[in-house]
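*Asks:* got a structure for you, letters missing:
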DNA sequence: ATAGCGTACCCCCATTTTGGGGTAACTATA
DNA sequence: TATAGTTACCCCAAAATGGGGGTACGCTAT
């Protein structure tokens, strides 16, 4: 069965090129091809494609906004972002909005078909440069505050929203014991309130 | 110049295979090849490779522990994990520990050389399945609690560790106003303490 | 025009948290 | 055998927070 693909790309030359590239292979059919994504929801409903190629920078509505709109009504269709931007913000916004892949325009000609196949088989597609950015963002890690196992445990419970009392009963320790632990934790994390501790713990991946 | 590669892999057949595969191309030289990573730090210092291929499941010390050790003394060397595991935990642990790529053993023969080249040129290498896992983890997004702009602003300040007082002075509002906003925020988020709110806000990416 | 929402402020009271001071047993280790 | 680190407990007082009430103004959409 043919794979249905809809294209959003405001550069007409590139758009035509994409259409041709996809049509050359007899596995794909281009169900729609547009210079902006103002009617994206209607077109999605109408054409029901398997894959959407979405440029980020388009007049009227950005590709990222379009992805958000699409994901509100359809979580299934695969969306590959197609863009000249390789900066952190665009990549993360697109991924968080719900894109399944991120292809830089300079790589389109070699990578398009394989990317499409990757997402069709349930995977995601990222160029090495994009993958590097994503991985780096996961690695900004933990200064080591040398929390003991017990301190770590108590911090974890605190981060789940437990009060001192709840932590005490959870761990079968006295309220006062929890207090002294938390004092020590605050000291080690260099904070002075539960909210600071929780925010630091989560953001720096201590828990 | 030749690219120096060290291999850690306890399956001897596979290890020999990797050596041959790499040596076939005249761009690589295998500087070391070991069945466990007990001496990884000494070997790293001795051989100073450009790339390390690291199996996850090895006797004595896991590849993930080895990566952590390596990253404590060397942030430059690229590390490609080589494993049969494609479960969430192993992938994330490896990436967070500092791996630059993650290759499933079933894909090794076709993907090894291109993965090595990807990481050599400063990128990262992930199979589509791994990329999918990583992307999915970034997408678990925001139930919409319909916070107003002001409520969002106050929640953000709360998450940074500010007390009610500090928020009030920051926004030039009265202490009591902040209190009533926070009460409303708790209601919308269905929580009843600052720690819960902060944890929910960060984990569900509300801020 | 009126109901709803967001904004901004105020009161009370009880509970919780924080910051400062302690003590003491146990374990590991140098 | 000191010494450090962890675990566990206690007191006090001040500050912050949570839950419950309110009022008022302006905007918007019905």
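*Replies:* Great, that's in hand. Keep in mind that what you see is a predicted model, and the values were worked out from it rather than measured.

*Asks:* Tell me which stretches of chain A form strands.
*Replies:* Counting by DSSP state E, one finds strands in chain A at the ranges A:3-8, A:28-34, A:51-55, A:78-83, A:101-104, A:125-126.

*Asks:* could the ones you listed be laid out in CSV, adding distance to DNA strand C, mean neighbour count and mean pLDDT?
*Replies:* Every C-beta, even on glycine, is put in place using the N, C-alpha and C of the backbone. Formatted as CSV, the strands of chain A follow (distance: least, C-beta to the nearest atom of the strand, whole Å; neighbours: other C-beta atoms under 10 Å in any protein chain shown; pLDDT from 0 to 100):
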stretch, distance to DNA strand C, mean neighbour count, mean pLDDT
strand A:3-8, 32, 22, 97
strand A:28-34, 34, 18, 96
strand A:51-55, 31, 26, 96
strand A:78-83, 30, 24, 94
strand A:101-104, 34, 24, 91
strand A:125-126, 38, 30, 90
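
*Asks:* Go through those strands and name the closest to chain B.
*Replies:* Closest to chain B of these is strand A:125-126 (C-beta to the nearest C-beta; 5.1 Å).

*Asks:* Give me every residue in chain A lying close to DNA strand C.
*Replies:* Taking C-beta under 7 Å from any atom of the strand as the criterion, the neighbours of DNA strand C within chain A are A:163-165, A:179-180, A:182-183, A:186, A:192-194.

*Asks:* Also near DNA strand D: which of those residues, exactly?
*Replies:* Applying C-beta under 7 Å from any atom of the strand to these, one finds that A:179-180, A:193 fall near DNA strand D.

*Asks:* Low-confidence regions, chain A specifically.
*Replies:* In the prediction, chain A carries residues with pLDDT under 70 at positions A:140-143.

*Asks:* domain assignment for it?
*Replies:* A:3-139, A:149-203 (automatic domain parsing).

*Asks:* does chain B sit close to the first one?
*Replies:* Yes. Contact of domain A:3-139 with chain B (C-beta under 8 Å from any C-beta of the partner chain) involves A:92, A:95-96, A:98-101, A:118-119, A:121-129, A:131-132, A:134-135, A:138-139.

*Asks:* and those, which are buried?
*Replies:* Among the residues of domain A:3-139 next to chain B, the ones that count as buried by 16 or more other C-beta atoms under 10 Å in any protein chain shown are A:95-96, A:98-101, A:118-119, A:123-129, A:131-132, A:134-135, A:139.

*Asks:* Return the distance of the nearest residue to residue A:40 once chain neighbours are set aside relative to residue A:36.
*Replies:* Once its chain neighbours are removed from consideration, residue A:40 has its nearest residue in residue A:66; the separation is 4.8 Å (C-beta to C-beta, 6 or more residues apart in numbering or on different chains). In this structure, residue A:66 and residue A:36 are separated by 9 Å, where distance is defined by C-beta to C-beta, to the nearest Å.
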